[in-house]
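Trainee: Provide a 3D model corresponding to the input given below.
(one chain, ligands or ions: 2)
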Amino acid sequence: MDKHKIMNPNNWLPKNRDPYLIAGPCSVESENQMMTTAKQISEQNIASVLRGGVWKPRTKPGSFEGIGVPALKWLKDAGNEFQLPVITEVANAFQVEKCLEAGMDMLWIGARTTVNPFYVQEIADALKGVDIPVFVKNPIHPEVGLWVGALERLERAGISKLAAIHRGFFAYKSQPFRNEPKWEISFELKRLAPEIPIICDPSHIAGKRELVQEICQSALDLSLDGFMIETHCNPEKALSDANQQVNPNQLKSIIDNLEYRNAFVEDRQLFAQLEDLRGQIDILDEKLLTILKDRISIVEDIGHVKELNQVQIFQMRRWFKILENRQGSAEKLGLNKEVVHELFQLIHKYSIDVQIKSQQELKQKVK
Ligand code: PEP
Ligand code: MN
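Mentor: Ligands and ions are numbered 1, 2, ... in the order given. This is a model prediction of the structure:
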């Protein structure tokens, strides 16, 4: 099958290797671990960039927090030895300064840093006058504004080679993955900043090496522009993220097993068939919206009745009953219960907002 076509014509990521792949350990642990991992990755001849974390933002204190400055040299030496550009994570101005001194070729901003505009601005200021490629991971929680904002701060500092990394989002109950993919957030980023390439970090989405392959396939099917995959010469013994790292042989097999599907439909018969199905979906969506409109009109009436009778808008028991009932119906219809739950949460929030608004309007009229 054809290799996928790149959707973003301004994509600055080099195309000498397809897919674009950043590989290397979660953390640089020792000179030997870095050199051995780099050697084995380079033997597979598939990676474009070598990664290694030097300062590790860990959720719990007492975990391995990275070697710090001395590890920069080990990473750079490994890159020089195997002719691979190197990338590491920065979270403040001091780290930027040390990385530039050590000759890092690229930098990334981690998920725990993207959430904080103060840190991002500090990094952007430290980079003024240095046009080095910077990759920005999505913030921990699904707020696309913070992601775009971080990219904008860097752009204003003069960084011309920017890319985003989709590494999934924290969710209270994210199963089976460590972080929920929520692909729609990266589509939104694509819509807001179409010139920014987005690569996928399946390792931090998956949390388990066994799931890395399927996430890579999804990312490829969704036309993302490359991958950052945590790769370690001895993953089981890794000092951080041991469960999700793969070894260089596994990395090669993941890349070899990717199936490339056409991003654009060229076959006219297939195109016609898809158009027909899309037409059916358009009609159903119109019906859905009309039903939603009817529902909202009734919600407005309920709002008036509640106002006239001094009844609170939010009725907890009624809401729990709706949820239970709709999930039960969803199950009978073979629909995903969690998705239906989320859908009704949204519809319910909309309804409450409408009631608040219609009550305010009623009060204005009475005045
Ligand atoms: C990492 O890439 O090792 C890392 C810490 O990632 P994130 O910021 O996505 O948690
Ligand atoms: Mn990691």
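
Trainee: tell me which residues in stretch 57-70 are buried?
Mentor: Neighbour counts using 16 or more other CB atoms under 10 Å place 66-67 of stretch 57-70 among the buried residues. No exception for glycine: its C-beta is placed from N, CA and C like everyone else's.

Trainee: relative to ligand 2, which residue of the stretch 51-200 of the chain is the closest?
Mentor: Closest to ligand 2 within the stretch 51-200 of the chain is residue 53: 6.3 Å, counting by CB to the ion.

Trainee: next, count neighbours for the closest residue to that residue other than its chain neighbours.
Mentor: If the residues on either side of it in the chain are set aside, residue 53 comes closest to residue 27, at 4.5 Å by CB to CB, 6 or more residues apart in numbering. Counted with other CB atoms under 10 Å, the neighbours of residue 27 add up to 27.

Trainee: then residue 248?
Mentor: Using other CB under 10 Å, the number of residues around residue 248 comes to 23.

Trainee: list the contacts of it.
Mentor: By CB atoms under 8 Å, 6 or more residues apart in numbering, the contact set of residue 248 is 23, 37, 40-41, 43-44, 231, 233.

Trainee: taking those one by one, which sit in helices?
Mentor: Judged by DSSP state H, helices contain the following of those: 37, 40-41, 43-44.

Trainee: just want the residue of the stretch 251-367 of the chain that's nearest ligand 1.
Mentor: residue 251 (15.3 Å; CB to the nearest ligand atom).

Trainee: what stretches of this structure score poorly on pLDDT?
Mentor: Applying pLDDT under 70 to the chain flags residues 1-10.

Trainee: so which bits of it are right by ligand 1?
Mentor: Residues of the chain found near ligand 1 (CB under 6 Å from any ligand atom) are 26, 53, 57, 110-112, 137, 167, 204.

Trainee: pick out the most distant pair among those.
Mentor: Using CB to CB, the residues of the chain next to ligand 1 span at most 14.2 Å, a distance reached by 26 and 112.

Trainee: ok, the two, which is more surrounded?
Mentor: The neighbour comparison of residue 26 against residue 112 (other CB under 10 Å) goes to residue 26, with 24 against 16.

Trainee: which parts of stretch 165-179 are buried?
Mentor: 165-169, 174, 177-179.

Trainee: ok, and what's touching that stretch?
Mentor: Taking CB under 8 Å, 6+ apart as the rule, stretch 165-179 contacts 108, 111, 135-138, 140-142, 180-183, 185-186, 198-201, 204-208, 211, 215, 219, 224, 228, 244.

Trainee: just the buried members of these?
Mentor: Those of those that meet the buried threshold are 108, 111, 135-138, 140, 142, 180-183, 185-186, 198-201, 204-207, 211, 215, 219, 224, 228, 244, by 16+ other CB under 10 Å.

Trainee: around the residue in the stretch 101-250 of the chain positioned nearest to ligand 1, how many other residues sit close by?
Mentor: Ligand 1 sits closest to residue 110 of the stretch 101-250 of the chain, with a gap of 3.1 Å, by CB to the nearest ligand atom. Applying other CB under 10 Å, we find 23 other residues in the vicinity of residue 110.

Trainee: is it true that it touches residue 137?
Mentor: Yes: assessed by CB atoms under 8 Å, residue 110 is found in contact with residue 137 at 5.5 Å.

Trainee: what about the residues of the chain next to ligand 1, which are in helices?
Mentor: Judged by DSSP H, the residues of the chain next to ligand 1 include 111-112, 204 as members of helices.

Trainee: can you add distance to ligand 2 and give these back as JSON lines?
Mentor: Rendered in JSON lines, the data for those read as follows (distance: CB to the ion, whole Å):
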{"residue": "111", "distance to ligand 2": "10"}
{"residue": "112", "distance to ligand 2": "11"}
{"residue": "204", "distance to ligand 2": "6"}
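
Trainee: how about residue 254: what's its closest non-neighbour residue?
Mentor: Nearest non-adjacent residue to residue 254 (CB to CB, 6+ apart): residue 213, at 5.0 Å.

Trainee: neighbours of the one you found, just the number please.
Mentor: 18.

Trainee: please apply the same query to residue 76.
Mentor: So residue 76, with other CB under 10 Å, has 20 neighbours.

Trainee: and if you look at the one 10 residues further on?
Mentor: Number of residues near residue 86 (other CB under 10 Å) recorded here: 27.

Trainee: check the gap between it and ligand 1 for me.
Mentor: Per CB to the nearest ligand atom, to the nearest Å, residue 86 is found 14 Å from ligand 1.

Trainee: hang on, the earlier thing: state the pair within the buried residues of stretch 165-179 that is farthest apart.
Mentor: Greatest spatial distance among these (CB to CB): 165 and 174, at 17.9 Å.

Trainee: list the contacts of stretch 96-103.
Mentor: Residues outside stretch 96-103 that contact it (CB under 8 Å, 6+ apart) are 69, 72-73, 75-76, 88, 90, 107, 123, 126-127, 130, 132.

Trainee: all the strands of the stretch 101-250 of the chain, residue numbers only.
Mentor: Ranges of strands in the stretch 101-250 of the chain, per DSSP state E, counting those that start in this stretch, are 106-109, 134-137, 162-166, 198-200, 226-230.

Trainee: mind saving the C-alpha coords of stretch 47-64 as CSV?
Mentor: The C-alpha coordinates for stretch 47-64 follow below in CSV (Å, rounded to 0.1, in the frame of the first residue of the first chain):
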residue,chain,number,x,y,z
ALA,A,47,15.3,6.8,13.8
SER,A,48,15.7,10.5,12.8
VAL,A,49,16.5,11.8,16.2
LEU,A,50,17.8,10.4,19.5
ARG,A,51,16.0,11.4,22.7
GLY,A,52,16.9,11.2,26.4
GLY,A,53,15.4,12.8,29.5
VAL,A,54,18.0,14.6,31.7
TRP,A,55,15.8,16.3,34.2
LYS,A,56,12.8,14.1,35.0
PRO,A,57,9.6,15.7,36.3
ARG,A,58,8.3,12.8,38.5
THR,A,59,4.8,12.7,40.0
LYS,A,60,6.1,11.3,43.3
PRO,A,61,9.2,12.5,45.2
GLY,A,62,11.8,9.8,45.8
SER,A,63,11.6,8.5,42.2
PHE,A,64,14.6,8.8,39.9
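
Trainee: this completes my enquiry, with thanks.
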